[in-house]
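Chemist: sharing a sequence plus its predicted fold:
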Protein chains: 2
Amino acid sequence: MMNFKKLLEHSSAIPFIDQARFGIEREGQRVTHDGKLARTDHPAIFGDRTYHPYIQTDFSETQVEMITPVTDSIDELFQYLDAIYDVTSRSMSDEEMIWPLSMPPALPQKDEEIMIAKLATFEDVLYRRYLAKEYGKRKQMVSGIHFNFEFGEELIRSLFVQQTEIQEFAAFKTEVYLKVARNFLRYRWLITYLYGASPLSEANYFVDELHPHEPVRSIRNSEYGYTNHSNVKVSYASMEQYLADIEQMIEEGKLSEEKEFYAPVRFRGGKRVADVAKMGVRYIELRNIDLNPYHHLGISKEQVQFLQLFLVFMLWAPEGSSVDEWVEEGTLYNNRVALEGPLDQTAMYEEGLMLFTQMKEMVQALQHEELLPTIDKLAERLNNPSQTIAAQLYTEAQSDSQKAVAVALGRKYDAESHERPYQLAGFREMELSTQIFLFDAIQKGIQVKVIDEADQFLRLQFENHVEYVKNANMTSKDSYIVPLIMENKTVTKKILAEAGFRVPAGAEFTSMAEAKRAYSRFAKEAFVIKPKSTNYGLGITIFKEGASEEDYHKGLEIAFREDTSVLVEEFLPGTEYRFFVIDRQVQAILLRIPANVIGNGEQTVAELVAQKNQDPLRGTNHRAPLELIQLGDLEQLMLKEQGLTIDSIPAKDQIVYLRENSNISTGGDSIDVTAEFSDAYKEIAVAAVTALGAKVSGIDLIIPDKEIDPSTDEKAYGIIEANFNPAMHMHVYPFSGTGRRLTLAVLKLLYPEVWALNHWNEEEK
Amino acid sequence: MMNFKKLLEHSSAIPFIDQARFGIEREGQRVTHDGKLARTDHPAIFGDRTYHPYIQTDFSETQVEMITPVTDSIDELFQYLDAIYDVTSRSMSDEEMIWPLSMPPALPQKDEEIMIAKLATFEDVLYRRYLAKEYGKRKQMVSGIHFNFEFGEELIRSLFVQQTEIQEFAAFKTEVYLKVARNFLRYRWLITYLYGASPLSEANYFVDELHPHEPVRSIRNSEYGYTNHSNVKVSYASMEQYLADIEQMIEEGKLSEEKEFYAPVRFRGGKRVADVAKMGVRYIELRNIDLNPYHHLGISKEQVQFLQLFLVFMLWAPEGSSVDEWVEEGTLYNNRVALEGPLDQTAMYEEGLMLFTQMKEMVQALQHEELLPTIDKLAERLNNPSQTIAAQLYTEAQSDSQKAVAVALGRKYDAESHERPYQLAGFREMELSTQIFLFDAIQKGIQVKVIDEADQFLRLQFENHVEYVKNANMTSKDSYIVPLIMENKTVTKKILAEAGFRVPAGAEFTSMAEAKRAYSRFAKEAFVIKPKSTNYGLGITIFKEGASEEDYHKGLEIAFREDTSVLVEEFLPGTEYRFFVIDRQVQAILLRIPANVIGNGEQTVAELVAQKNQDPLRGTNHRAPLELIQLGDLEQLMLKEQGLTIDSIPAKDQIVYLRENSNISTGGDSIDVTAEFSDAYKEIAVAAVTALGAKVSGIDLIIPDKEIDPSTDEKAYGIIEANFNPAMHMHVYPFSGTGRRLTLAVLKLLYPEVWALNHWNEEEK
């Protein structure tokens, strides 16, 4: 037998020991908030289940299956699992939530009322009908975690090159996973002990006398769980034997097909069993993990870290020489542990101690001493069964019922996921627009990968169609030149003016004399003098009602101090609106107003601010769509100018502004006014964005009076600026008015084919 | 009669007085370097004359016509005229140049040898045949300047609103230009006096006795120039009268069509005369300006400034009450002045003094006192006829011949335009790549407008197809996401790796412990440790031959000081090549080597550097494709390390490097090696750029040995970087090897339709 222990401990393998790839499938029943099995269909908002990579149904229509992509780290695994859970939870009916236990909630008395998943292909439905008939519908309603694990390519290669026994890499890999599987089957009782979490069943789960009569560690992992009939026997001695046995079981009619072989560990490789034979095992799937009710995801990061350690240990640890006996022994021990009372010391106590001792030995040999505390902590649970998950759940259930515990936990997780709807769990460090965009992509079943979190860089894929997106608004649909045009105010103005749009009229001067001579052009109008190249407001003078010649000269002097080119430009009066255009449609119009409170004749300014800041949409550092209103020097100065202090009590309906600027980042309000505009203005915004060659842009219009028909008044609007990286979140979650899901419009622009496949109505978009 | 003087002097008009639009058409005969009329066709490199906006032929095949676009300033006008002249001059056969005089060079004795322009439409050829028959071919060979002038829209509007006499703006504009035309016809003798420049004719110009027998001021502007037959009479009293008269001349067969009416000033508006009637005169065209032989463009900026002043003066100055007489008087005076001896005082001396006095009065009334010196300077020429252009040319011609003077001037201008072929006259402040790109666009007849000079922003147009281009390489053909991908090294690497390209292998670490454990992965290879986010070389350690564990730790410490994320990456050995890909083709491959000199056993390092710096391709501040080699501290240190000083004499063929880095900006050499590479590497570069979604990119490959077939060795190359704003000029004008005209490839990517219209062979591309 191959000495994997020696291979692992070799210095060339050490750097790769913790290299692995991970994937999780987490099932969960949809239930109402009072813990009754949902009677609704799988939410239509997810679209067609034929392709959805993240959110599927398992056996029944109510059993959601959340599937992470394959990741290279545990942190990334949990980012996706968290996000997919969040999307699932928030996309369901408001009356429903995810049941947090492996054991299903109370089931209907009648079998017919358990809905088989309404899948698109008839074969899939037929297979579920067969399972229902063969094993009963009730056992299919149990949920759990499927954990997919692959050793790092470089790790296996570093082991492979050390030995000469096996010539082919694929065969070597298979050997690795065969040993892991055998040892895992032998020692999996420890996982059942630590993480078993199905001590009790709910009403109508067991319909005959074949069930445990006392609370246990894991019904699901015991002989009362969902297992193959006892006449199904498969050997793990070699891949040839394993595959031959399965084939024989199918020939003998004991299994309908390979996937019916329900082992706690499965070999995975390609689409079909034959692929595994040809190309070697690529990864293994553990299916014996109960849902951890104390984690909203059903499994914690610490659990996965231990599972990884445990699987490396399975490769490192010696195995019995008689393969089939070794595996059968394991099945026996596991069933024994599963059926022990959750608070009892396990009969496998001694072997458990030995395993932890060996694990400690291993992590030292493999230079992963940082895992020692984890091992010690889990080893401690051998002495304290009350610390196991099953024991905790059982104990809590004693004071009321398991159902009550589950409902309380389910409601808690559900409430948490709804708390900050503008964020996406797992990706809270990213910009809000990207979080919302990620939410939508996951919901709609478009594969998405964060390829640079700090840079808001996403890779999307649907079938073979790949797109890259940055900041949720920069896509392949716009051309390289577009942002360069918008970045250059002069160029933008020239293009818009040439296309017939109104932009502030003006002139550029490179000498004082030339500029002075132009005085009479501007004298009586509202105008602004500014250095050509500055963004920080330096050297700018605004004359809202014209200027005396002396003031005009002063303004020029100030501007010429900053630059050799000075612009004198018409100042457009009116209100500034942000028109957000995507794919030739105005998707949102936003008005931003400075930080303010409205008096009620009773509360002080400070109290009104504190109250307004209660809005869950307000936060700090751009982690929320609105910022908290401050009461700093600038705000107090602003109050002073109005003859107020923070302790003044404004009259009822009196609007008190706390800032001059309308930036959202200084506590301003965002107000969606999309519906208040006639098509005429929307058409102008669309045409202007189109003239600039853009598909996605936020364009700022100054409009003195939006009731005026712009075709009748050439000064009805003026275009100030077009933005190539416009914020989206403020439109999705405005302070008031209707939220506009711009992220979905961008997604649709990129993937019209996904919309073509589905029947989403306008509201769902 | 309208009092335009009063209108102009009103304060509301003052700011707009100098507002105007300009255009120039400059004709010129193609001649050989010894002053003989060219016998070649119009250069094919300009493509089809049907559409070329800048470079056309006039009457004969040898008579190039250079046409500027309409500009808003004189500076801009001269930028374009300079550029178009430069392109024309450098696109002609090396044996040819532009004749600098209005009077043609010696003409063939036989009429048949004067080639009528080979135009595409038969109508155009027919018309020229008609002119040849009606006026003789020889007179058609004269060249000149056509000056198009339009008063600023705001200027005319400010005059219009002051009066109530004329209700329609179009009619008012026509009135403005009618007055200007009448006064111009009356006073144009002054222009002939100042700028007349055709004192003598060359052989075979006059073939009968009807010609001046003494040198004059301007043959071209005299009755011996190209004028209509004397029976053609047109009144300028009103637009109705003017148009009716022309129509009658046509009816009577005295003119074949309106454009045959050859007046020194013409009204322009639309495509046809009828348009002028309907929409008013839009601008006027002066046709009486001789080529100024003392300016390579045939006209100087000062001349145009005076023409503008003169035209405003024509509007301001009083006019005679009897319109037709007024005009006829002018014709008489002009002919008189044109035929005066170039050194004689003019008979119109008194009127001239009066005109200059009035002009001075006007510029004071209009607050343009800065023009007073110009007026004084020109007025002085009334007293000193020898300062006039005609007098200068005549005087110089006395010492040899007019032909000799013309050949010398022609050669000088030709040499100047060839001096720095990597620059484009008029736009020398722009980046070299953009200058070269502008050159190509003008040559190929694609309309181009610099919309922001400092920002290298161009607007191109061919028929209705508009494109914007920045830095000559950023276009609408690339998508917004492409530069964002390339800007992010992590994202670029991920995409390339996923697509199967070799990029430096490596790992990212966020803890020292984790990074230390990876030691054995890198120990024996060439590798580099660097902080994730730095561009300035801070915290980077390169180990070209692996590292001891101690050194590895030291490198990590240095990197972790700069960032919380550290990359340890494979260091790829080999030579770095820049592959420039445009539209799925490798257009150029460049090798850059550090600043160096090659010894000859005789000269010192300092002398060798001085000699190498003589190369006209070397300059400073990116104004040339290569930079001068410096001998500063860094270079001297580098010499010292080699045991040399600037006074050492390197052995023959000894290469002495003066820099470690191969940047062109520090004196490095650019070597085109496109032809040295097999298709295999080119295909890799194209595929990688395509995987990144780009159409235009400079991608850097490390190649240890370019003779190795990359399909046989997975380490034959590694991709270091893809650039989204790659410099182009260094490929077009390399230090050695073939120049690759990348700018043309970009132009063709944008405008394939222009290539489809022409029959340019590969070489011309």
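Modeler: Alright, I've got the coordinates.

Chemist: next, the buried residues of stretch A:614-622.
Modeler: Neighbour counts over stretch A:614-622 (16 or more other Cβ atoms under 10 Å in any protein chain shown) mark A:617-619 as buried. All C-beta spots, glycine's among them, are computed from the backbone N, C-alpha and C.

Chemist: go on, stretch A:28-41?
Modeler: For stretch A:28-41, by 16+ other Cβ under 10 Å, it's A:28-32, A:35-38.

Chemist: just stretch A:254-268 next, same as before
Modeler: Across stretch A:254-268, burial judged by 16+ other Cβ under 10 Å covers A:254-255, A:258, A:260-261, A:263-268.

Chemist: kindly format the C-alpha coordinates of it as PDB.
Modeler: This file holds the C-alpha atoms of stretch A:254-268, laid out as PDB (Å, rounded to 0.1, in the frame of the first residue of the first chain):
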ATOM      1  CA  LYS A 254     -31.300  -3.000  -6.900                       C
ATOM      2  CA  LEU A 255     -30.600   0.500  -8.200                       C
ATOM      3  CA  SER A 256     -32.300   2.300 -11.000                       C
ATOM      4  CA  GLU A 257     -29.200   4.100 -12.000                       C
ATOM      5  CA  GLU A 258     -25.800   5.200 -10.600                       C
ATOM      6  CA  LYS A 259     -27.000   8.400  -8.900                       C
ATOM      7  CA  GLU A 260     -29.400   6.300  -6.700                       C
ATOM      8  CA  PHE A 261     -26.400   4.800  -5.000                       C
ATOM      9  CA  TYR A 262     -26.600   6.900  -1.800                       C
ATOM     10  CA  ALA A 263     -23.300   6.700   0.000                       C
ATOM     11  CA  PRO A 264     -22.100   9.100   2.600                       C
ATOM     12  CA  VAL A 265     -19.100   9.800   0.300                       C
ATOM     13  CA  ARG A 266     -19.200   9.800  -3.500                       C
ATOM     14  CA  PHE A 267     -16.600  10.000  -6.200                       C
ATOM     15  CA  ARG A 268     -17.000  12.800  -8.600                       C
END
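
Chemist: coming back round to it: pick out the most distant pair among the buried residues of stretch A:28-41.
Modeler: The most widely separated members of those are A:28 and A:36, with 14.8 Å between them, by Cβ to Cβ.

Chemist: name the nearest residue to the residue of the stretch 651-765 of chain A found nearest chain B, ignoring sequence neighbours.
Modeler: At 6.5 Å from chain B, residue A:693 is the closest residue in the stretch 651-765 of chain A, using Cβ to the nearest Cβ. Excluding its sequence neighbours, the residue lying closest to residue A:693 (Cβ to Cβ, 6 or more residues apart in numbering or on different chains) is residue A:482, at 5.2 Å.

Chemist: which element is that neighbour on?
Modeler: For residue A:482, the host element (DSSP states H and E) is helix A:481-487.

Chemist: hmm, who's touching that helix?
Modeler: The contact list for helix A:481-487 (Cβ atoms under 8 Å, 6 or more residues apart in numbering or on different chains) reads A:474, A:491-492, A:495, A:692-694, A:697, A:721-725, B:457, B:467-470, B:474-476, B:480.

Chemist: domain parsing of chain A, as residue ranges.
Modeler: A:4-227+A:262-415, A:419-467, A:481-573, A:575-732 (automatic domain parsing).

Chemist: doesn't residue A:346 belong to a helix?
Modeler: No. Residue A:346: not assigned to a helix; according to DSSP: H, G, I helix; E, B strand; the rest coil it is coil.
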